[in-house]
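A.B. asks: Predicted model and sequence follow; I will ask about them next.
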Amino acid sequence: MSVRPLRSVLLVLALVPLLLAAGPGRPAAAGPTPAAAAAAVCALSCDPLDPSRATQETFPVPDANPNGRLLRLHVDDAEGMAWASIDRAKPNDGVWLDRSWDGGRTWEGLLGKAAVPATWTGTRTLMYNLYDPVGHRRGLLRACGDAQGVTCTGWARTTVCAQVCDGGGTAPGDDLPVAPATLAGRTIALHTDGNGTAWATLAAGRPGDEVWLDRSWNGGASWPDGSSLGRLPVPAGAGAAGTARFNTADPLGRLYGGAVRACGRAVEGQNGSCTAWARPTTTRPAAAADALMYSYDPTTGYWPSSWWNSAVALTTVVDYLRQSGDSRYTWIVDRTFRTNRGAFSAGARSSDPIEGDFISRSTDDTEWWALAWIDAYDLTRDSRYLDEAATIGNYVNGLWDTGSCGGGVWWDRERTYKNAVTTTLYVRLAAALHNRLPGDTLWLGRATTGWNWFLGSGLVNAAGLVNDGLTTGCANNGQTVWSYNQGLAIGAAVEVWRATGSAGTLATARRLADAALSSPALVSGGILTESCDAPAVDCDDNAKQFKGVFLRHLQDLDSVTGHAYRAFAAAQADRIWSADRDSLNRLGQRWSGGGTTAHPNASDWRTQASALSALLAAD
């Protein structure tokens with residue numbers, strides 16, 4: 001169907017809520033109301049939203065014509081929302097949306113119900129979300145109207161489309177991500193291909209046996225809109241059958257990391273069997289990125305509950321986008337920036353207040369975001385991100401203090417601690433800004449001053465390892481050697497080398513890397529191992545991401561040293577994939593796997609981002 005001119009339509013429609021709002025001189029909406037209002041759904045925006053906010057307008061299902069009226073469903077795929085309208089109507093005709101979360105079997109009715117006011121010939125509803133990526137649900141919407149009898153359009157977006165649409169495609173590849181299921185001599189197998197679509201097969205069966213695919217958007221916890229996909233029987237005279245192919249991601253709905261399983265039923269009786277749930281693997285980094293994006297909250301624009309960890313996760317996703325050429329997640333860069341650039345009270349994003357421009361009292365929390373925006377600039381060449389990094393850099397420069405220990409950046413605004421992370425982040429940031437700002441001398445001076453202070457501070461011990469910080473007497477405090485401190489020192493050196501061309505600085509980066517790879521404090525059995533990876537210890541949420549920071553900066557060094565560290569990175573990736581991954585491609589804290597009931601191998605979006613950096617370093 002053709003798309004009507006959007007702007008003029010929306011300007012008219014934007015006036016309708018004023019007429020429909022209850023109040024003196026304004027007619028109230030007529031007709032019944034739902035027994036219980038549907039819970040508001042939030043994605044890029046929350047239910048309901050005025051259609052004047054739509055950025056596009058499509059008509060994915062045919063109009064309905066109840067008693068001569070024009071009933072239409074409008075969809076804005078950019079926003080992931082829809083609204084309904086009725087035209088050629090009479091006063092008190094009604095229009096609303098129905099929304100279903102189980103493929104149209106049941107629905108929330110009367111969403112945004114509106115009635116045509118006197119003297120008007122049409123009206124429309126507000127917009128409601130088609131998808132619930134926060135709750136990992138895929139919805140359907142239809143327009144309904146009451147014009148001397150209730151009529152509805154068809155449901156919109158019944159088919160998931162990515163590179164291909166459900167039921168189509170013949171991409172190469174035939175991976176079996178989980179072991180087949182068996183049932184009375186039959187073999188039921190789950191298959192995935194290079195497009196990330198999946199299908200089910202049943203072999204060694206009898207005519208009348210059935211095979212199908214289940215699809216879940218929440219890791220197999222439920223599958224209300226994806227039950228019995230492609231279900232079909234084994235035909236007469238045959239012993240095998242296979243379903244069509246179905247997608248495991250819905251880019252329009254911002255639903256990533258969908259899980260599937262293959263199921264079958266024997267003709268004798270009602271018994272059935274299914275494989276385990278799995279996510280497909282197109283490439284290792286892509287599979288890990290999908291599992292990471294599963295936890296991204298598009299409403300708040302970050303990974304919930306961790307401020308600095310979200311900055312590092314965003315950096316990791318940007319690394320993936322830049323390195324792979326995959327563009328599916330590019331939208332989160334702008335989304336994260338615009339949604340989080342403002343001020344937030346304590347507890348909203350961090351235990352500290354966020355004061356705007358990603359700044360808080362914790363200096364390193366602020367600096368991680370600056371490096372994320374440097375990476376975003378490298379991906380997009382959008383100057384907003386470089387400007388933001390410079391704004392943060394100037395703030396951090398105000399916490400450089402030569403009156404204590406001769407220099408270094410304070411860890412917090414209260415000036416309680418000089419440590420490695422704050423200064424190496426600052427050096428990396430300052431050198432990165434110099435390398436991206438033509439004609440700069442200011443940031444170059446700051447970078448070299450910071451680097452020289454770090455080398456002379458005593459933070460690097462006699463073994464070439466970076467301890468956490470300095471005592472109040474400005475001596476190395478001997479605290480834990482964390483992999484991220486070592487990695488940041490390597491990364492700072494590489495960026496300063498790019499700025500200055502100093503062979504000595506690059507040699508220092510190599511000494512720091514070689515010291516780490518040969519130290520039992522950081523490497524066990526050839527695998528990067530944090531001290532909190534020990535069997536009887538658990539890593540906190542901060543340490544869950546440390547090893548990924550190390551691999552990210554080791555990869556940077558590898559890229560300028562003829563791939564001197566590629567073999568180490570490959571060993572990490574191979575061990576992660578073989579020992580630290582489940583069928584949903586979730587990657588844990590201990591890259592060598594293992595764990596106990598008391599101290600299991602933790603797996604969440606932080607560990608996912610960390611392991612993804614290792615996969616990228618080897619790719």
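C.D. replies: The structure has been received and is ready for your questions.

A.B. asks: CA only for contacts and neighbour counts going forward, please
C.D. replies: Fine.

A.B. asks: How about the contacts made by V211?
C.D. replies: Contact analysis of V211 by Cα atoms under 8 Å, 6 or more residues apart in numbering lists 188, 200-202, 231-234, 241-243, 262-265.

A.B. asks: what's the residue closest to the geometric middle of the chain?
C.D. replies: Residue closest to the average C-alpha location in the chain (Cα atoms, centre = their mean): M293, at 2.4 Å.

A.B. asks: tell me the contacts of it?
C.D. replies: Applying Cα under 8 Å, 6+ apart to M293 gives the contacts Y256, G257.

A.B. asks: Out of the contacts of V211, list just those in helices.
C.D. replies: Using DSSP state H, no member of the contacts of V211 falls in helices.

A.B. asks: quick one: secondary structure of the closest residue to R231 other than its chain neighbours?
C.D. replies: For R231, ignoring the flanking residues on the chain, the nearest one in space by Cα to Cα, 6 or more residues apart in numbering is W212 at 4.2 Å. Assigned with DSSP: H, G, I helix; E, B strand; the rest coil, W212 falls in the strand class.

A.B. asks: if I look at G242, how far off is W212?
C.D. replies: According to Cα to Cα, to the nearest Å, G242 and W212 sit 8 Å apart.

A.B. asks: And for the nearest residue to D214 once chain neighbours are set aside, the neighbour number?
C.D. replies: Using Cα to Cα, 6+ apart and skipping the chain neighbours, the partner closest in space to D214 is S227 (4.8 Å). S227 has 16 neighbours, counted by other Cα atoms under 10 Å.

A.B. asks: hang on, S227 packs against G220?
C.D. replies: No. Look at S227 against G220 with Cα atoms under 8 Å: they stay out of range, at 11.2 Å.

A.B. asks: Which helix or strand contains the nearest residue to L183 once chain neighbours are set aside?
C.D. replies: Nearest-residue entry for L183: S273, 6.2 Å, with adjacent residues in sequence omitted and distances by Cα to Cα, 6+ apart. If you go by DSSP states H and E, S273 is part of strand 272-274.

A.B. asks: Pairing partners for that strand, with directions?
C.D. replies: strand 259-265 (antiparallel) (DSSP bridges).

A.B. asks: and the strand it pairs with, C-alpha only, in CSV?
C.D. replies: The C-alpha atoms that make up strand 259-265 are tabulated as CSV, following Å, rounded to 0.1, in the frame of the first residue of the first chain:
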residue,chain,number,x,y,z
ALA,A,259,16.6,-19.2,21.5
VAL,A,260,15.2,-22.2,19.7
ARG,A,261,14.8,-25.9,20.2
ALA,A,262,13.7,-28.7,18.0
CYS,A,263,10.8,-30.9,19.0
GLY,A,264,9.0,-34.0,17.7
ARG,A,265,6.1,-36.3,18.4
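
A.B. asks: Pull the residues that contact that strand.
C.D. replies: 183, 188-190, 198-202, 209-220, 248, 271-280, 584.

A.B. asks: which residues of the stretch 401-550 of the chain fall in helices?
C.D. replies: 420-436, 442-456, 483-500, 503-517, 546-559 (DSSP state H, counting those that start in this stretch).

A.B. asks: Now do the residue nearest to A515 when sequence neighbours are not counted, the pLDDT please.
C.D. replies: In space, and not counting its chain neighbours, A515 is closest to G464: 5.5 Å by Cα to Cα, 6+ apart. Listed pLDDT for G464 reads 98.

A.B. asks: I figured G464 hits T508, correct?
C.D. replies: No. When contacts are counted by Cα under 8 Å, G464 is not listed as touching T508 (9.6 Å).

A.B. asks: wait, L399 sits on V409?
C.D. replies: Yes. Counting by Cα under 8 Å, L399 does reach V409; the two are 5.4 Å apart.

A.B. asks: So which of those two has more stuff around it?
C.D. replies: More crowded of L399 and V409, by other Cα under 10 Å: V409, with 29 against 19.

A.B. asks: Quick check: closest non-adjacent residue to that one.
C.D. replies: W400 (4.3 Å).

A.B. asks: mind checking how far that neighbour is from D319?
C.D. replies: 29 Å.

A.B. asks: Next up, the contacts around V150.
C.D. replies: Taking Cα under 8 Å, 6+ apart as the test, what V150 contacts is P66, C144.

A.B. asks: quick one: L176 and L371, what's the gap?
C.D. replies: As judged by Cα to Cα, L176 and L371 stand 39 Å apart.

A.B. asks: More neighbours: which of those two?
C.D. replies: Ranked by neighbour count (other Cα under 10 Å), L176 and L371 place L371 first, with 27 against 16.

A.B. asks: what about the more buried one, helix or strand, and which?
C.D. replies: Per DSSP H and E: helix 363-380 holds L371.

A.B. asks: what pLDDT, on average, does the next helix or strand after that helix get?
C.D. replies: Counting by DSSP H and E, the next helix or strand C-terminal to helix 363-380 is helix 383-397. Mean pLDDT, helix 383-397: 98.

A.B. asks: Equivalent analysis for stretch 344-357, please.
C.D. replies: On average, stretch 344-357 scores 96.

A.B. asks: in it, what counts as buried?
C.D. replies: By 16 or more other Cα atoms under 10 Å, the buried positions in stretch 344-357 come out as F344, R349, S350, D352, P353, I354, D357.

A.B. asks: Please produce TSV containing the residues you listed, extended by secondary structure.
C.D. replies: Below are the buried residues of stretch 344-357 laid out as TSV (three-state DSSP):
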residue	secondary structure
F344	strand
R349	coil
S350	coil
D352	coil
P353	coil
I354	strand
D357	coil
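
A.B. asks: Specify which member of the residues you listed is nearest to A536.
C.D. replies: Closest to A536 out of those is S350 (28.9 Å), distances taken as Cα to Cα.

A.B. asks: Contacts only, for that closest one.
C.D. replies: Contacts of S350 by Cα under 8 Å, 6+ apart are S305, S306, W307.

A.B. asks: what sits against the last one?
C.D. replies: Contacts here follow Cα under 8 Å, 6+ apart; on that basis W307 touches R349, S350, D365.

A.B. asks: sorry, back to before: and the helix holding L371, what does it pack against?
C.D. replies: When contacts are defined as 3 or more Cα pairs under 8 Å, 6 or more residues apart in numbering; DSSP states H and E, helix 363-380 sits against helix 307-324, helix 383-397, helix 420-436.

A.B. asks: any idea of the angle it forms with helix 383-397?
C.D. replies: Counting by axes from the mean of the first three to the mean of the last three Cα atoms, to 10 degrees, helix 363-380 lies at 160 degrees to helix 383-397.

A.B. asks: and helix 363-380, which residues are buried?
C.D. replies: 363-379.

A.B. asks: again with stretch 477-494
C.D. replies: 477, 481-494.

A.B. asks: can you tell me which of those residues lies nearest to R137?
C.D. replies: Y484 (36.2 Å).

A.B. asks: Please determine how far that closest one is located from V421.
C.D. replies: Distance, Y484 to V421, by Cα to Cα: 8 Å.

A.B. asks: same check, this time on F454
C.D. replies: Remark: distance between F454 and V421 (Cα to Cα) = 10 Å.

A.B. asks: more crowded one of those two?
C.D. replies: Neighbours around F454 and V421, counted as other Cα under 10 Å, are more numerous at V421. The numbers are 26 against 20.

A.B. asks: Tell me who's in contact with that one.
C.D. replies: Contacts of V421 (Cα under 8 Å, 6+ apart): D364, D468, N485, L488.
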